[in-house]
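Participant: no sequence on this one, just coordinates:
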């Protein structure tokens, strides 16, 4: 069974987005003084559930791709969807990854069924 290109694309985009989130919010908290630091800290706290869900999704996305397992793609797609619910304003940034994971999950099923029929 060959590795899913859709999961690879989703993993790359998700990883880039996660790195962006981490650097954006960590720099905002560290580089400001006083009231600005409090505001940046509150913003980071509000986005934290979204970041955690994206991080879990990226981990399972890469597991699904590397191990070629359907459940990895499914969990990644679900976690991307949960991250959308956690921070609806940032939903557009994980929509493509979620869709790619669910399509990859469906295609992996078709490929595994074809192999079982051939054997």
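Facilitator: The structure has been received and is ready for your questions. A quick note: this is a predicted structure, and the numbers were derived from the prediction, not measured. Residues are numbered from 1 along each chain as shown.
Participant: pLDDT weak spots in this protein?
Facilitator: Screening the chain residue by residue with the criterion pLDDT under 70, one finds the ranges 1, 28-32, 112-119.
Participant: now the helices: where do they sit in the protein?
Facilitator: Applying DSSP state H to the chain gives helices spanning 5-30, 34-67, 70-86, 92-118.
Participant: which one of those helices is the most hemmed in?
Facilitator: helix 70-86 (a mean of 21; mean count of other CB atoms under 10 Å). All C-beta spots, glycine's among them, are computed from the backbone N, C-alpha and C.
Participant: Tell me the helices and strands packed up against that one.
Facilitator: Judged by 3 or more CB pairs under 8 Å, 6 or more residues apart in numbering; DSSP states H and E, helix 70-86 is in contact with helix 5-30, helix 34-67, helix 92-118.
Participant: Stretch 76-95: how far from the chain's middle?
Facilitator: Taking CA atoms, centre = their mean, to the nearest Å, one finds the center of stretch 76-95 at 8 Å from the center of the full chain.
Participant: contacts for it?
Facilitator: Contacting residues not belonging to stretch 76-95 are listed as 7, 10, 14, 17, 46-47, 49-50, 53-54, 56-58, 60-61, 64, 97-98, 101-102, 105 [CB atoms under 8 Å, 6 or more residues apart in numbering].
Participant: I figured residue 100 was touching residue 10, is that so?
Facilitator: Yes: look at residue 100 against residue 10 with CB atoms under 8 Å: they come within range, at 3.9 Å.
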